[in-house]
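1. Everything below, folded, please.
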Amino acid sequence: MKRLARLIAALAALVLAACAAPGGAQPGAVEIRSGVIEQISSVQIPTNHHQGVGAVIGGLGGLGIGSLIGGGTGRDVAMAVGAIGGAVVGNEVQKKHDQPIAGQQIIVRLQSGVLVQVTQPVGPPLAVGRRVYVEGSGESARVMLQ
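-> Alright, predicted model coming up:
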């Protein structure tokens, strides 16, 4: 029995060690690199944070209004037509209210010599030649002042 318990404990330790982050990295750690800004360009960033919300809200509203009309099969048809019509109208209303935001396309030469391009909303006063940090990677990368 003791031998089985030791075997299970050894297997558990092996499994937990295999799940550990490689290189001692902390889970959720964010890579921060430093460099110098080489170029800054103004851009418009399309807002897509709430894509489809207008259609969903419009569809639900149309469904609710359709449920108030008639009874039986006619009510079901009114609900379907209301949901579809509400979704179309809600989507169009959202398109008119979603305006692009001002952004910056920033090219940074890292200390390693590698060029990194980051597009982000206009934030702190950045200038060519300024030393900065590049935090994160991919779509979540941000340029911050040192």
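2. Would you mind finding the longest helix in this protein?
-> Secondary structure of the chain per DSSP state H: the longest helix is helix 72-97.
3. and the next element down the chain from that one?
-> Next along the chain after helix 72-97, taking DSSP states H and E as the criterion, comes strand 101-110.
4. Averaged pLDDT, that next one. What do you get?
-> In this model, strand 101-110 has a mean pLDDT of 91.
5. List the contacts of residue 134.
-> 32, 33, 34, 35, 108, 110, 116, 118, 141, 142, 143, 144 (CB atoms under 8 Å, 6 or more residues apart in numbering). Quick note: C-beta positions are derived from backbone N, CA and C, even for glycine.
6. buried stuff in the host helix or strand of the last one?
-> Read it as residue 144. Using DSSP H and E, residue 144 sits within strand 142-145. Buried positions in strand 142-145, judged by neighbour count with 16 or more other CB atoms under 10 Å: residue 143.
7. same question, stretch 108-124
-> In stretch 108-124, counting by 16+ other CB under 10 Å, buried: 108, 116, 118, 120.
8. then the biggest strand by length in the chain to PDB, C-alphas only?
-> Across the chain, the strand with the greatest residue count (assigned by DSSP state E) is strand 32-45. Coordinates of the C-alpha atoms in strand 32-45 are reproduced here as PDB (Å, rounded to 0.1, in the frame of the first residue of the first chain):
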ATOM      1  CA  ILE A  32       8.800  44.400 -22.000                       C
ATOM      2  CA  ARG A  33      11.400  45.500 -24.500                       C
ATOM      3  CA  SER A  34      13.100  48.900 -24.800                       C
ATOM      4  CA  GLY A  35      14.100  50.800 -27.900                       C
ATOM      5  CA  VAL A  36      14.000  54.100 -29.800                       C
ATOM      6  CA  ILE A  37      11.100  55.500 -31.900                       C
ATOM      7  CA  GLU A  38      12.200  55.600 -35.600                       C
ATOM      8  CA  GLN A  39       8.900  56.700 -37.200                       C
ATOM      9  CA  ILE A  40       5.400  57.800 -36.200                       C
ATOM     10  CA  SER A  41       2.400  58.000 -38.600                       C
ATOM     11  CA  SER A  42      -1.100  59.100 -38.000                       C
ATOM     12  CA  VAL A  43      -3.800  56.500 -38.700                       C
ATOM     13  CA  GLN A  44      -7.500  55.900 -38.200                       C
ATOM     14  CA  ILE A  45      -8.300  52.800 -36.200                       C
END
